[in-house]
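need a structure here:
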Amino acid sequence: MGATTRDIAARTQPESMAAMWRIRLGLWWRSLKESWVLFAENPIGLIGLGLLLFFAIMAIAHPILMNTVWERRIYDPVLGYDPMVAFHPAAPSARHLLGTDSLGRDVLSQLMHSTSSEFALGMVAAVTTVTIGTFIGAVSAYFGGIIDVIFMRLADLVIMIPTIPLLIVLGAMFDLNLVSLGLVLGLLSGFGGVTVIIKSQALAVNVKPYIEAARVAGGSDLHIIFRHIIPNLMPLSFLYMMFTATGAIFSEAVLSVFGLLNIRMSWGLMIHTTQSSGYLLDFQRWWLVFPAGLAITLLCSAFYLVGRAMDEVVNPRLRRR
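A predicted model of the protein is given here:
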């Protein structure tokens with residue numbers, strides 16, 4: 001009888017686990033659909049999402065064009081040169097839709113090639129920020145005491161440091177690339193203002209009845225933090241991912257204009273090349289600076305608009321009834 005009972009339990013346990021995961025997946029999908037309905041009601045969110053989709057298509061299309069349509073020796077964003085054009089920079093034409101820069105490189109190819117780098121920079125900075133800020137905010141709210149004091153005073157110190165001047169100094173002292181810049185920006189944001197905001201939300205979660213029930217049931221501190229507190233902070237954390245990506249793209253543009261980053265091509269570097277060639281204020285050659293400047297503005301605006309729309313989804317006070 002004992003062996004039979006164990007056999008039945010062994011067979012029913014996988015079934016119960018599968019049923020539990022189906023329930024969780026159903027609840028997650030239901031919550032996702034409700035959040036999308038709220039997000040779709042906000043026009044600025046749809047505009048931002050459309051802009052992000054547009055830039056994503058640009059990033060995907062560039063390697064396809066390079067391998068199928070464009071000649072690499074002419075349209076390579078870094079080493080390309082068109083010998084058929086007599087003078088560079090050349091105005092937009094059927095051969096070069098956005099013209100060429102002072103070095104004879106196709107501006108449209110540079111613009112499309114840089115899109116994936118800008119996305120990667122924003123994501124590295126955003127993920128680093130959210131990982132650090134969410135963990136520290138949850139730990140500070142849960143333990144309090146000296147741990148909270150140390151992390152909050154560190155956050156106050158980071159908030160007081162001006163970001164752009166600090167990045168200029170770091171760029172002059174060290175060989176920064178897009179990955180290292182994203183990590184630096186993520187550390188500054190993660191240990192700074194994002195931690196303070198997420199900690200305030202974690203304090204509200206920490207007093208919920210299910211947190212006390214988890215303690216009474218014998219749950220460890222790490223179990224409570226990772227299974228109960230942090231999952232409830234993720235919507236707010238995702239919101240700040242959007243805002244951090246905007247700041248990272250803007251910071252890269254500033255540092256690239258000053259020539260302080262070790263990168264092959266970016267929108268900021270396109271503006272830096274225009275400045276170095278003496279065409280920055282030459283409005284007759286608008287294609288040298290206007291496309292890159294507009295791309296920076298639109299991508300930063302896209303992340304910001306999506307973040308604002310997400311705020312109405314994750315913030316109960318702004319959620320539409």
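
which element follows the lowest-mean-pLDDT helix or strand in the chain toward the C-terminus?
Lowest on mean pLDDT, DSSP states H and E among the helices and strands of the chain sits helix 2-40, with a mean of 66. Downstream of helix 2-40, the first helix or strand assigned by DSSP states H and E is helix 43-68.

counting contacts, what elements does that next one pack onto?
With contacts defined as 3 or more C-beta pairs under 8 Å, 6 or more residues apart in numbering; DSSP states H and E, helix 43-68 has these neighbours: helix 72-75, helix 107-143, helix 290-314. Just so you know, the C-beta spots here come from the backbone N, C-alpha and C atoms, and that holds for glycine as well.

what inclination does it have with respect to helix 290-314?
Here helix 43-68 points in a direction 130 degrees away from that of helix 290-314 (axes from the mean of the first three to the mean of the last three C-alpha atoms, to 10 degrees).

pLDDT (mean, whole number) over the helix or strand that Leu187 is a member of?
Assigned by DSSP H and E, Leu187 belongs to helix 178-190. Regarding helix 178-190, the rounded mean pLDDT is 88.

and it, how far from the chain's centre?
Mean-position distance between helix 178-190 and its chain equals 11 Å (C-alpha atoms, centre = their mean, to the nearest Å).

if we look at it, which residues are touching it?
With contacts defined as C-beta atoms under 8 Å, 6 or more residues apart in numbering, helix 178-190 is touched by 117, 120-133, 136, 158, 161, 163, 166-167, 170, 174, 176, 240, 244, 247-248, 251-252, 255, 261, 263, 266.

run the last query once more with 7 Å
Helix 178-190 is contacted by residues 117, 120-121, 124-125, 128-129, 131-133, 158, 163, 170, 244, 247-248, 251-252, 261, 263 when judged by C-beta atoms under 7 Å, 6 or more residues apart in numbering.

tilt between it and helix 107-143?
40 degrees.

Please identify the buried residues of helix 178-190?
Buried residues in helix 178-190, counting neighbours by 16 or more other C-beta atoms under 10 Å, are found at 178, 180-186, 188-190.

those helices in the stretch 201-321 of the chain, which residues are they?
For the stretch 201-321 of the chain, applying DSSP state H, counting those that start in this stretch gives helices covering 209-216, 221-224, 230-257, 267-276, 290-314.

and stretch 79-86, how far out from the chain's middle?
35 Å.

okay, how far is it across it, tip to tip?
18 Å (C-alpha to C-alpha, to the nearest Å).

Thanks a lot, catch you later.
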